[in-house]
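Enquirer: What would the 3D arrangement of this be:
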Amino acid sequence: MKRIAIVVGLVIAGPAVAGTISVPGEEPTIQAAIDVSTNGDEIVVGPGTYAEAIDFGGRAITIRSSDGAGVTTIDATDLDVSAVTCAGGEGPASILEGFTITGGTGTDWDDAPTGGGLLIVAGSPTIVDCTFSENLAVGAAIAVVGGGTPTITGCVITDNIGYGEGGGIYVLASAPTIDRCSFIGNGSTVNGAAITNNNADSAVTNCLFVSNITLYNGGAVANRSDSDASFANCTFFGNRSLGGDFGGGIFTTDSSDVTVANCVFRNNFGGSIVGPAVVTYSNVQGGFDGAGNIDTDPLFVGGGDYHLGFGSPCIDAGDNGAVPAGTTLDLDGNDRFTDDPCTSDSGLGSPPIVDMGALEVSGPFSLGDEDLDGVIDACDNCPMDHNPGQADCDGDNIGDLCAILQGLSGDCNENGIPDECDTDCNGNGVADECDVAEGTSPDCNENGVPDECDADCDGNGSPDECDIASDPAVDCNLDGVIDVCGAFFSFDSGDLSPIGFGAPHAVIVPNAPDATDLVTVTVTARADLDATGETILVRLNGTVLGILFADDGLPCDDVSGQLAISANPYNALLTGGDLEITLSTSPDVLTFECVNSTISVSIEYLADIPIVCVCPADLDGSDDVGFGDILAIIAAWGPCGVPCPEDLSGNGDVDFADILAVIGAWGVCP
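Expert: The predicted structure follows:
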């Protein structure tokens, strides 16, 4: 039997053609446009403030402003509801883009007003380039509850107040992706002024958290109740937890599993990170255990600019593997992976290495060398003028040569050092050498130091050296100290070797006199003092004076360091007249690390001891200066060898100058 199929009719239903609805051109309000839309439609909203609250109603539509969030606002003030609602199972094709959203006070959820600016219930919409400001609720800007995986990208969340928690975003049992967002100046009364994760798996990348404040946990972020949240390439600055040490940056409960990578934490009150977290390749103020972590000034540009400045330790210091797959842009929309040719890579991965923080150092970098000084232009602090040494005394990233040539700094003595960095002992803003040359400061002893900065122990306004030169009698013991100021005492141990393994050296200074002024102890060493913590401890008669070389980082070099103690406490240590100086190395200073390791100590000060005068013109030893000494001068007349006591003038010859010196000292020796 042959079967014959007869087709009576065939209707093929194709997909509806997506349309564009303009507001206010075609529809007066955004909600009116939503109500007449179908899946796939695009609603384009012109500039203006729209006093309404909107609900996507489960539609897979795009609602975008024509001219951006700066001029297009959804204002739900006095409506006592969420400004935007996505509670109909919206997916990624439900898109909200380019609005400022304000005035929302939330919709009742679990007996609390929730989602002031935007409430997402069991949905996964896409939110792009929106600003959420001055909303109030649990999750004042955005609340994501009841499951869902929304994407929130390029948003600014500022000046919202969380009723209880989540001044910025509150996430409950959901897993949003939050990328390239700024959280600034938000507050909450309990938890998480910027973000609260409650049993949530939020993934936060390339975000900036600044000046958010909470009364209790998490000045920026609070993670609680089994939250598995991740934070990559975020910057946390100036956030505050007023309740105490509850995490100015991030707070985490014991039940949560939180990872932090490639982030920067600075100036957060209440601690950078409080609670358990796996933290790697991050700059955490106060420190945090983990691979690649550092604790140092990130060198932000400053003035509210959180880009990394020249020489920042965060440049090329992150972990490429910690950047979520598919992430290519930083907070500014610049390339997330950019190599800085001026910085050595310290991070993990194949170049280019990602920076720490929300903002990548951006190129392009000039690889030429215009001034032929061996430093590429991108890294040259004076790219048009030859300066291979890259001197920059004030650290402003403008080379000293450029600062002088461009008139940014003076150089009165033409020594290539900007005046503000040159020696200026009297603090008058003029280099000492110029003070002397221009006559603004006298220099009686011609040592290049203005007289007012030279040693003047008797306080008469004239340097001691000049006092002695004009009247040698004021220094009868020839120790370079005016007699009325006391006598100079010094002691040098000479080399003590070897050193290391914590073994102490004890040096006895016999009959050490009382001091009348500051006591200076100088230690000179050659040892493996090349790491932080490798030290030499100095004691005086068992009392710790101080620690030297804790951070020098100088392997096997000859290094010197000084410690000082004032006269009264020093004199109190002198029991029985002798002084014992004990030098103890830390155990990790190893003798065999350096060839010919040595250590020595010296001490010097003005002392309360009798002055024994010297009478150099008494050449015949008669205790007075007279004709016998004139005859000694005549007998040695002419060029003088060494030693030559008859050369009283020190000019290398025995001549009339020395006869005059005898006459000047004529009489009984002091």
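Enquirer: got any ranges where the stretch 151-300 of the chain has weak pLDDT?
Expert: Along the stretch 151-300 of the chain, no part satisfies pLDDT under 70.
Enquirer: same thing but at 80, please
Expert: 244-245 (pLDDT under 80).
Enquirer: Next: the stretch 301-450 of the chain.
Expert: For the stretch 301-450 of the chain, the stretches with pLDDT under 80 are 363-384, 387, 393-397, 399.
Enquirer: the strands in it, which residues?
Expert: 305-308 (DSSP state E, counting those that start in this stretch).
Enquirer: Helices along that one, start to end?
Expert: Taking DSSP state H, counting those that start in this stretch to define them, one finds helices in the stretch 301-450 of the chain at 400-405, 432-438.
Enquirer: Quick one: distance of the longest one to the chain centre.
Expert: For helix 432-438, the separation from the chain centroid amounts to 36 Å (computed by CA atoms, centre = their mean, to the nearest Å).
Enquirer: same thing with stretch 34-46?
Expert: 50 Å.
Enquirer: what's the helix or strand for Ile634?
Expert: helix 627-635 (DSSP states H and E).
Enquirer: and the helix or strand just after that helix, what other elements does it pack with?
Expert: Using DSSP H and E, the helix or strand that directly follows helix 627-635 along the chain is strand 638-639. Under the contact criterion of 3 or more CB pairs under 8 Å, 6 or more residues apart in numbering; DSSP states H and E, strand 638-639 touches strand 653-654. Every residue, glycine included, has its C-beta placed from N, CA and C.
Enquirer: what's next to the strand it packs on, contact-wise?
Expert: Contacts to strand 653-654, defined as CB atoms under 8 Å, 6 or more residues apart in numbering, come from residues Ile633, Ala636, Trp637, Gly638, Pro639, Cys640, Cys644, Glu646, Asp647.
Enquirer: Paired strands for that strand, with orientation please.
Expert: strand 638-639 (antiparallel) (DSSP bridges).
Enquirer: quick one, which of the helices of the stretch 301-450 of the chain is nearest to Ala76?
Expert: Closest to Ala76 of the helices of the stretch 301-450 of the chain, according to CB to CB: helix 400-405, at 54.6 Å.
Enquirer: buried set for the closest one?
Expert: Asp400, Leu401, Cys402, Ala403, Ile404 (16 or more other CB atoms under 10 Å).
Enquirer: what does stretch 413-429 give?
Expert: Buried, per 16+ other CB under 10 Å, within stretch 413-429: Asn413, Ile417, Pro418, Asp419, Cys421, Asp422, Asp424.
Enquirer: about what we covered before: just put the helices of the stretch 301-450 of the chain in TSV and tack on distance to His505.
Expert: Formatted as TSV, those follow (distance: least, CB to CB, whole Å):
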stretch	distance to His505
helix 400-405	43
helix 432-438	39
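Enquirer: Out of these, which gets nearest to Gly486?
Expert: Taking CB to CB, helix 432-438 is the member of the helices of the stretch 301-450 of the chain nearest to Gly486, at 27.8 Å.
Enquirer: which residues does the spatially closest residue to Asn268 that is not a sequence neighbour contact?
Expert: Excluding the flanking residues, the one nearest Asn268 by CB to CB, 6 or more residues apart in numbering is Gly248, at 3.2 Å. Applying CB under 8 Å, 6+ apart to Gly248 gives the contacts Gly219, Ala220, Phe236, Asn239, Arg240, Ser241, Asn268, Phe269, Gly270, Gly271, Ser272.
Enquirer: As a markdown table, these with distance to Leu537, neighbour count and secondary structure would be great.
Expert: A markdown table is the format used below for those (distance: CB to CB, whole Å; neighbours: other CB atoms under 10 Å; DSSP: H, G, I helix; E, B strand; the rest coil):
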| residue | distance to Leu537 | neighbour count | secondary structure |
| --- | --- | --- | --- |
| Gly219 | 40 | 37 | coil |
| Ala220 | 42 | 36 | coil |
| Phe236 | 38 | 35 | strand |
| Asn239 | 40 | 30 | coil |
| Arg240 | 40 | 20 | strand |
| Ser241 | 39 | 29 | strand |
| Asn268 | 35 | 26 | coil |
| Phe269 | 36 | 16 | strand |
| Gly270 | 36 | 23 | coil |
| Gly271 | 32 | 22 | coil |
| Ser272 | 32 | 28 | coil |
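Enquirer: and stretch 263-283, how far apart are its ends?
Expert: By CA to CA, to the nearest Å, the extent of stretch 263-283 from end to end equals 6 Å.
Enquirer: in it, what counts as buried?
Expert: Within stretch 263-283, the residues that count as buried by 16+ other CB under 10 Å are 263-266, 268-275, 277, 279-283.
Enquirer: Looking at those, which are in strands?
Expert: Judged by DSSP state E, these include Val264, Phe265, Arg266, Ile273, Val274, Val279, Thr280, Asn283 as members of strands.
Enquirer: got TSV for the residues you listed, with distance to Thr177 too?
Expert: Converted to TSV, those look like this (distance: CB to CB, whole Å):
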residue	distance to Thr177
Val264	21
Phe265	22
Arg266	26
Ile273	22
Val274	25
Val279	21
Thr280	20
Asn283	24
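Enquirer: now, which of these sits nearest Asp111?
Expert: Using CB to CB, these come closest to Asp111 at Val274, 29.2 Å.
Enquirer: residues contacting the closest residue to that closest one other than its chain neighbours?
Expert: Distances taken as CB to CB, 6+ apart put Gly247 closest to Val274, at 3.6 Å, once the chain neighbours are dropped. By CB under 8 Å, 6+ apart, the contact set of Gly247 is 217-219, 221-222, 241, 268, 270-275.
Enquirer: ditto for Val274
Expert: Asp245, Phe246, Gly247, Ile250, Phe251, Thr252.
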